[in-house]
Every structure is written in structure tokens, then in C-alpha cells.
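Participant: Let's see this in three dimensions:
(chains A, B and C)
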Amino acid sequence: MPAREKLNLLKKEFGSALLRADVPSDHLLFIYVEASAIQAICRHLFRVLDARYVISIGADNRPYSGKFLVSHHFAFDAEDLFCGLLVELPGEDPVIDSISNDVPAANWAERELSEMVGIKLNGHPYPKRLVLPTGWPEGAHPLRKDTPWNEAPADYDEKREFQYDAAPEGCTVVPFGPFHPTLDEPAHFRLYIEGEQVRGCEYWGFMAHRGIEKLAESVLTYNEIPIMAERICGICGCVHNVAYAQAVETAAAIKAPPRAEYLRTLLLELERLHSHLLWVGLACHIIGFDTMFMQCFRIREPVMWIAEKITGNRKTYGLCVIGGVRRDLTAELKTELRSVLSRLEAEWMVIVTAVLDDRNIQLRTKGVGVADRALVKEFGLIGPVARAAGVAMDCRRDHPYAAYDRVEFKVITAEDGDVWSRLVVRATEVFESIKIIRQCLDRMEPGPIALEIKDELPVGRLGLSSVEAPRGESHHFVITGENNRPRRWRVRAPTYQNLQAVPRMIKDQQLSDMTISLGSIDPCFSCTDRLETIDLKSGTLRVWSQKELLEMTRKRER
Amino acid sequence: MTRMVLGALANVGLLLALAPLGEGALRKVTACLQSRRGPPLWQPYMDLLKLLGKEDVESGQSPAIQRLAAWFSLAVVLTISCFAPLGFRPPLSDAGDVILLIYLLTLSGVCSLIGGLAAGSTYSLLGIGREMMSMIALEPLFAIALIIGAVHAHSLRLDAVLNGSVYATDGFPWAGVLMLGVMAASFQAFIQRAPFDISEAETEIMEGPLVEYSGPKLALFKYAQMGRLIIHSALFVALFVPWGSGFVFFWAKVAAVILVVTLVAATHARYRIDQAIRFYGALLGAGFAALALASIGF
Amino acid sequence: MTLLAKFHEALAGLKAGRVTLPYPAEKRPTAPGFRGRPIFDATKCIGCAGCANNCPAREILVMDVCQEVRILKYLGRRCTYCGRCADVCPEKAITMSAEYETATDAVGDLSQRLELFMSTCQRCGRCFEAPTPLEALKLNGYRSDDLEHDRWVFRSKSYFKDRTVEDVPIEFD
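Facilitator: Below you'll find the model as predicted:
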């Protein structure tokens, strides 16, 4: 009973600071604590009990309880337990102590909740604006319930410029992005270079804001949100789709039928296949090896075709509704899927055997972008980045969901924590995914694919779900609400954590290694940037002349 | 006199006509290895025409010098073509000697340095930094090859040197064979193809020295690059693969060299500048050893 | 051995042959269940507006012109091709076609407009008045956009410069 044991441990240690506990299941623990004790309790969980930091969430609960809510989530991977520490803050002038000094991984999450919900932080080491655009006025907090979802603040200042930190002594500044051939999505890394060595960098991101969380709370309904969730990302969309559905199902204590769980598992693994094959190709392209890039994409294409046959679209599968899935798998599709997998396995085996012997690729990727076990712990790194450093962490095995408790697979790890190890981990996981899909095809029993939900879902319940995306753990948190939509939905994509460690990974490495180091965490900026709607449609059209565009880019460079 | 001028123009015309074809063949073979159809063979001609027709945008710190650098790079390559054997004895081969050829080859490398410096943007400065480091290590190699030929042929005349003179010793041509190995290993770096296309790494520094060039200036630089592929292959064949004669046979040998270049370029990842410099350093050591061997008669 | 590895990599590419497809000269056929542009069949539609209520992108609008005529309009601008409308339609009046080449510069190209003659009650001769079971969704607060009095549903005021869209007047809240 891991939940009860941890609760008792914490009660012994902190006694009166724990106000209330909800134990919805053996694997889920929500504790409401005093605001003054939150730092100490988080430190205890992170350092003494060696929990993994997942995310911090802010919510505006004023219409329902008159209070603001802050939740810090931790995971105990060895015991399949998620622990949420919730603090209720007064509706007027909410303030909370920052935990980022003890838990460095919480840096971004706290900045985000501070500016989106308007909760003041005490003692944050780097309280700079993270998500909202530069011209956004102070005091306008989008995720508050009194801010409409299509708010376009009148005092938005589009001329305000981003304030960069000061560069260290003796370094040239090399701007990397937002437009760069290597980046798929806009992001800005301001590199401080000495000669060819990178001495540090500043990250300015969140340029692809789309306002999905606010839309989900205000406009969409429970069954419409999965469609939007899968558009958070163009590569791991199915993950968000399933994680959201599972979070709501956890909150409402619903279990999807077994066939639906197998189908979800199958499509999640199919997505992992396409994502890893894409990544290996992309990594080779970054180091200048375009032939391998073409080969990986050629081998990957049948996966997209079979996904189109199964779900109706190459990538946006539209898989889940609350309580099940929307489409079933016919017998012909099963046979076709098996043959696609055999062909894929044979071709990929040839490529992997060749690449493992290829010293040319190894020279560019060994010892580059190293993230060791200490960095993994400090920043809460997840996914292949953590597994390549030797930390055997995988949500499919540690916190089983869907049908993962009914299939066998290995968790692949490597030792060195550099880009080469990540490449080996991802390339080998392809074979494990193929094995899992085959087991699902064998073990799936006929039956219903979705529950018939006759009543309204219960209101005010907390639910969370972690799904192992190809990039790491994708964690969704839902508070169910009225009017057929959630009160709060928080998406924590894996790149959100992994990106925070990139400045450390590229420090004291060469400039040429910067792109492959960044690429090796398999960054998905769309996943990371999902937050805010900016309604700038003033209706005027501005045509920029080439001279003006140049002026704009030169201003940023200097 | 008029024969010399007409001959020089013939060489220039031949190079201008054939250089994009060489590039087109390179792209087609690369596409085959990548399971693609690839662009048609005459695509580079179309690309150059398209670039020449674009607006000549002035970006970068010193547009006048940028324009000069673009013209200069093509002009230097065309000048070298007057001295290089393109299947027949070069028309101006009496007008210069090996020293002039070495000078012109180095000058063609300097042109892109000037181009990058004139552009003055962060990425172009990074690119020319890499190119400067490579040039210091690489340019001596071709020079050493020509000098070994000159030592063996006891003359600095171009037609004496540029026909396999590296092998012209009494016994086994140790210096020649060693230099053949060194040149073969460094050939990709001279024409800036993978794995040594470091100064113009698109995915790292956004084309390096060429980042502020577009339209007609870029067309000139690209034309010069394509020309350099043909020129270097022709010089390599003339120095190291002298067997067989005749116009057609010469171009067959050059085509074979380009094929090998393509295969290597398509199957390798780009190296980092520090790894490349170490490699060039080793080659430079071997080159000096070959020069020493040549001077004592081997 | 690196050289052998390179040889195998090159061989894998050569063995596969040329995989370039001749699109757009020849289109590859789509899979049977492909979710392309939804096609609305006016002969089957009963005007229940289930599709309008379940569209995540709010691209299907419903308006009653008078007692017996209901207009259902699929705007298709932000359609995500999710297929929820087709799933929910009780009469199977919506099919997800195989059209995916829907890029256009005229926003009206994709819209489909159905004019439906609603049936009347045999006894009193009137159409069913609000709240129909589906308009009850609005009263329950499930939808924040307004179906009451059968107005156009819209999202943000700032999207509309003038008060008509394709000569149908829009009323603002």
C-alpha cells in the first residue's frame, strides 16, 4: 500500500502541517499542506525520500472555494506512486514560497504558474517572465477565471523588447534561432561563445503559444478536448490524447474496457516507432549525414501508411474519447500491420547493425552533450535522456497504464549519458516497441471499445496520468468541473523538463556540438509551448520591407 | 598570340559549360544512394539561371567588397582553368609556372575568406574562422604535390609537371605514392564536401561565409565552387593518374574521380573542426615526409 | 569496421530502389477510412445540430430563418478533420471523404450550406419550440456560445469587422 505508507511517513515527519489527505487509490496520494511548510516538505520528498519531481501547477479555484491552488507533484517510480502536495492560498494576494532552490527542476514550472495564475513567489532564484510574450502587460494573468479566453489586453505593448541577460566577459553572442535550419519550431538560444567553445546560453522560448489549456477550461467540452490535445504536438500527439483521457478517467474513477486499453497501447507504440525513426534520421541530418536521414525516413514511411489505414490519418489519430477509443481494428488490418512490422524490423536491423559499427557517426556523438546521473536528478530529466545516463526510468513499467501491465518488454538503458548513448537507446527501443505491438495483436480479445457513460462526471475531482511519450514522461493533471468541461487541465510535456538542462549540456562544448546536443533531447517545442492565446487580430495588414526586416534582426543581434 | 587568347577562351568556355554538369552528376548519384529520384542532371544550370535573375540584395557590412569577392572568386577559378589541362595542353601553359598555379589555388581559397569578412555577420565570421584554420593546414598539401612533381621533373614548367611527374623517378616512386595517398585522403576537404564541408555547415552555422549572399552574388560563388570541383579533379588526374591519353579518356578519369567524391560525400557525416584539423595536421606531416623523400631522390 | 558499415548503409539505400512517388502527377489512393473533408448530405440531414454541438473547432453553425426553415452551415476554415460530426450524426448524413487537397485562398470554397425544411407537429401545426433536447445543452451551461433564439454562434468579436458574413446578419451578444 505505497500511498498509505508514504502518508504515514510524512505524518510522522511533519505532523500538523498536513491538513488533509485524499487517497483515491493505492497509487495516488493528494495531501493538502500548510503554505508555510511546503518548502520543507518538498525538500524532504526530493532529497530524503528521493522522489522524482514531476510538475508544479497553479489553479484559480476562487469561483468554487474562494482560494487559489498550488500543487507540486512528485513521483516514486520504484513504488508506482504519484504524490501531489496541494496548498490552498487566499483569494486576495496569494503568495507562496518557491521550492526551486531545493528542487532545481521546478524552476520553469514555478515561473509559469506565477505569471499565468498571478501567484507571487518568495525567493525564486530567477523570476524572469517565461511564457507570456514580452509585450504582455503586468497584472494580466491569463489562467485566472475572471480573464476571458479571448482576452486581448488593451495595454499590450508590441514594441517592448525582450531583455536579455548580460553576457559573460569576453564572449561573443551568437543568436541561434528563432529561424535556423536545424530547429523545426521557433526557439531562441542566445549562445555566449569564446572562439568555438560555448560558455553559456540563455533560452527564450514559448513562441508557439496556442492557448489550449485556457480553451479547455472555457470553451471545449470533455470529449472535444482529446482532439485539441493531440494537436499539441505533431509527433507525440497520441500521447497527449491518451494521457488526457486517462487523467479524466482516473478523476472520475472510470476504467476503459480491455480492448480499448490494448488499442491505446498499440497506437502509442506505433507512435513511438515513427517518432524514434524520425529522430534517428534527424540526428544524422544534424551531423551532416543526409543519406542516413533519407534511409530512416524511407523505412518509417510504411508506419505512417498503416496508421492512416487504422485511424484515418497519418498522424492525428483522433483516438480517444473519455471511456474508450473511437475506432476498432479489423482482422485485415491486423494482418497488414504484422507484415509492416516484419519488414520494418528486418530493415531497421540492417541499419542499426551498420550504425553501431560506424566510427564516423560515433566521433561526432560520443562525449557530446553529456547529462550524467546527477543532472538527471537535479533537473528531473526523463525519457531516453535519463535512460542513456543509466537511470532505468520508464512510465510504462513504473506506473503501468493502458495495457502495459499485460505485455512484457525490456527497459533499454546505456551508460555514458552522451548523444551516442541516446541514439543507441532510441534505436534499440524500436525493437521493443515492435515486440509490444505484436503482443497486443496476439492478446487482444473481442469486446466493446468504449464505455457508455450515462451520467455526468463527478465535479471537483483530481486526476492525473503519466504516459511514456517517445521523449519521456508526459504528465497530465485534470480537475473535473461543471458544464461538461474540466476546471483545470495542465499538460507537462517531457521536453519541458529536458530543455531546462540544455544550457548545462552544451556548456564548454564546441559550437558545432550545440545543435546535436539540443537535438538529442528530441525537443518538441510545440509540446512545451502550449499555453496562451494571444489575440492580436487588429485587422491591419503590415507589409515589411526587406530593409525593415533587417533592421529588426540586427537590433536583436546587438 | 591570337591562338593563345582563343585557346584561353576555349578553356574558360569549357569549364563554364561543364562545371554545373559535374555538380548535377554529383546530386544525381547522391539521390540514387538515398533511394530518391533526385533533380535532373541539368538542374544546376537552372539554379544558376534562377539565382542570376534575382534581385541583388545588399546585406552585410560592406556590400561593395562583397560584390568584389563574388566576382573575384569566379574570376580566379576561370584563370586557373586557363592553366589546367582540360583534356588538352592548356593554352597559357607557357605564360606561367608551378609557382603561379600554387598562388592562384591559394587565392581561390582566400576569396571566400574575403567574402565572409566583408559580410561581417556572426555566422559568416564563425565560418571564415573555420576556413582559415583549414586553409593553413590544407593549401600546403597541393603545393607540396606540385613541388614534388617539379623536383622530379627538374623544371617548374607546367606541362613538364602536370603529367604524372610525381612518379618520374628511377626506382619505385615512394614520394609519389605517399603523396597520392595524402591527396586522396584530403581531396574531400579541398572541394568542401562531406565529411569536410565544415566551413559551410548548413545545420550548424547557416552556410558560414555565404550566409549574407543571395541572388547573383551567390550564383557567382556557387559557380566558382562547381568550377573548383572540376579544376581540382582535373589537376589531380593530371598529377597522379597520367596513364592513357586523349580527350575522352581524360574526362572519363575526371568523371571517375567525381564519382568517388560523391560516394564518399554521401556516406559520411560531417566532422568537427578540431577533429578535422588534427587529421589535416597528420596529413601535413606525411606530406612533408614525402617532400623530404622527393628531395633525396625517391 | 567503419568502411564496411558505410558499405552496408550505401547498399541498403541502393537495394531499396527509388521510392519517390510521382505526386502531384499521380495521387496515391487514400486508405478506406481516411478522414478527409466532411461532406454533408442535405437529403439525409434532420437538422438536429448534433454535429454543431460536437465540433471542437466550432465550424458548424445553425440558424433558424423562420419557423420551418433551418440553415446548417459548415464553414470548414478551421476544420480539424477529426470526424466527430460524422461519428455523432444519427442519420449518417456526414461522410468523411477522401479529399485532402483543401488549400484555397477563398474562404468560401470549403463551406457547405444546407437549407432544411423542418417538419411540423400534426396536431398544432408548429415546429418544436425551444428548448429542444439539444438546446437544453445551452441551458445546462454546457455551451457558452449562444443557441438561444437561434442566433449565429461565433467566437470572438474582433474577428468580425462588419456585421454580416456572406450577407447573413450577425448579432452580437
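Participant: Not counting its neighbours along the chain, what's nearest A:Leu10?
Facilitator: A:Leu18 (6.3 Å; Cβ to Cβ, 6 or more residues apart in numbering or on different chains). All C-beta spots, glycine's among them, are computed from the backbone N, C-alpha and C.
Participant: Tell me who's in contact with the one you found.
Facilitator: A:Leu10, A:Lys11, A:Ile31, A:Tyr32, A:Val33 (Cβ atoms under 8 Å, 6 or more residues apart in numbering or on different chains).
Participant: where does the closest residue to chain C within the stretch 51-200 of chain B land in three-state SS?
Facilitator: Nearest residue of the stretch 51-200 of chain B to chain C (Cβ to the nearest Cβ) works out as B:Pro195 at 10.8 Å. Here B:Pro195 is recorded as coil under DSSP: H, G, I helix; E, B strand; the rest coil.
Participant: mind checking how far it is from A:Thr365?
Facilitator: 14 Å (Cβ to Cβ, to the nearest Å).
Participant: now do A:Val467
Facilitator: Distance from A:Val467 to A:Thr365, by Cβ to Cβ: 28 Å.
Participant: Between these two, which has more neighbouring residues?
Facilitator: Neighbour count, other Cβ atoms under 10 Å in any protein chain shown: between A:Val467 and A:Thr365, A:Val467 has more, with 28 against 24.
Participant: Got phi/psi on the more buried one?
Facilitator: A:Val467 adopts backbone torsions of phi -120, psi 140, taken as degrees, to the nearest 10.
Participant: ok, B:Met179 - contacts?
Facilitator: B:Ile144, B:Ala145, B:Ile148, B:Val166, B:Phe240, B:Gly287, B:Ala290.
Participant: what's the burial count for whichever residue of chain B sits closest to chain A?
Facilitator: With Cβ to the nearest Cβ as the measure, B:Arg270 is the residue of chain B nearest to chain A, at 3.0 Å. Neighbour count of B:Arg270, defined by other Cβ under 10 Å: 26.
Participant: Likewise for B:Leu16?
Facilitator: There are 17 residues near B:Leu16, going by other Cβ under 10 Å.
Participant: Please apply the same query to B:Arg37.
Facilitator: There are 14 residues near B:Arg37, going by other Cβ under 10 Å.
Participant: Show the pLDDT at the nearest residue to B:Leu101 once chain neighbours are set aside.
Facilitator: Excluding its sequence neighbours, the residue lying closest to B:Leu101 (Cβ to Cβ, 6+ apart) is B:Phe83, at 5.6 Å. Looking at B:Phe83, its pLDDT reads 87.
Participant: Check whether stretch A:340-353 comes near chain B.
Facilitator: No. Under the criterion of Cβ under 8 Å from any Cβ of the partner chain, chain B is not reached by stretch A:340-353; the shortest gap measures 11.3 Å.
Participant: Check which residues of that stretch are buried.
Facilitator: Neighbour counts over stretch A:340-353 (16 or more other Cβ atoms under 10 Å in any protein chain shown) mark A:Val340, A:Leu341, A:Leu344, A:Glu347, A:Trp348, A:Val350, A:Ile351, A:Val352 as buried.
Participant: Return the closest of those residues with respect to chain C.
Facilitator: Nearest member of the buried residues of stretch A:340-353 to chain C, counting by Cβ to the nearest Cβ, is A:Val350, at 5.4 Å.
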